[in-house]
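1. Sequence and predicted model, in that order:
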Amino acid sequence: MSKNIIICGVGGQGTVLAAKVLSQAAIANGERVLSAETIGMAQRGGSVVSHVRIGGDVYSPLVPQGQADVLIAFEAAEAVRNIAYLKQGGTVIVNKKVVQPVTASLSGKAFDENEMIAYLEKVAAKVVAVDTDEACHQLGSSKVVNMVLLGAASHAGLIDIDQLKAAIKALVKPDFYELNLRAVDWK
């Protein structure tokens, strides 16, 4: 049985590392993994979408629309933008924070995270909204949003925590390993 995961956010949030950690965890468990990223102006805060497909019956790295079991969104507007990937009965793990795009700032029409979360709750079977600002404040670093969200996916039963921690050890620099473990365990 395959598992399709979409990870979305904006450039600089750590979506690509999160996809690598998920992929490494599945590979270490003996599973077949295909993944790909679509990156648009990522250095300037543009959209980043990572596709992670796990399972023996997967033949393309891109998740078809309406087939993602899980949507992990590092930013609420990106969750809304990518909701078409989520399958009926799928789960959304979403950062409550909205990164205001320049166009919204210039037009004076700010994005409202509460409206976006409410919309997601209407269209998804399950939504786990995470206050990553609070998590990062408690952890003492703003660089672990990606691991906090992967931890939330694990706490929701979507990712095995031990495999996740082993993948973090394999991929994260030793100086940041303990911080990333604390981030995965944050609730």
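-> Arrived safely.
2. mind pulling up the phi and psi values for the residue nearest to Ile159 when sequence neighbours are not counted?
-> Residue nearest to Ile159 in three dimensions, not counting chain neighbours: Ala153, with 4.9 Å by C-beta to C-beta, 6 or more residues apart in numbering. (Glycine included, C-beta is placed from N, CA and C.) Ala153 has phi and psi values of phi -60, psi -40 when expressed as degrees, to the nearest 10.
3. Kindly report the same for Val184.
-> The phi/psi pair for Val184 (degrees, to the nearest 10) reads phi -70, psi -30.
4. now the nearest residue to it once chain neighbours are set aside: how far from Ala68?
-> Leaving aside its sequence neighbours, Val184 sits nearest to Gly151 (C-beta to C-beta, 6+ apart; 3.8 Å). Gly151 is 19 Å from Ala68, where distance means C-beta to C-beta, to the nearest Å.
5. With Gly89 instead?
-> Gly89 is 11 Å from Ala68, by C-beta to C-beta.
6. Tell me which of the two has more neighbours.
-> More crowded of Gly89 and Ala68, by other C-beta atoms under 10 Å: Ala68, with 26 against 9.
7. Go ahead and confirm the residue nearest to Val184 touches Asp185.
-> Yes: counting by C-beta atoms under 8 Å, Asp185 is a contact partner of Gly151 at 6.2 Å.
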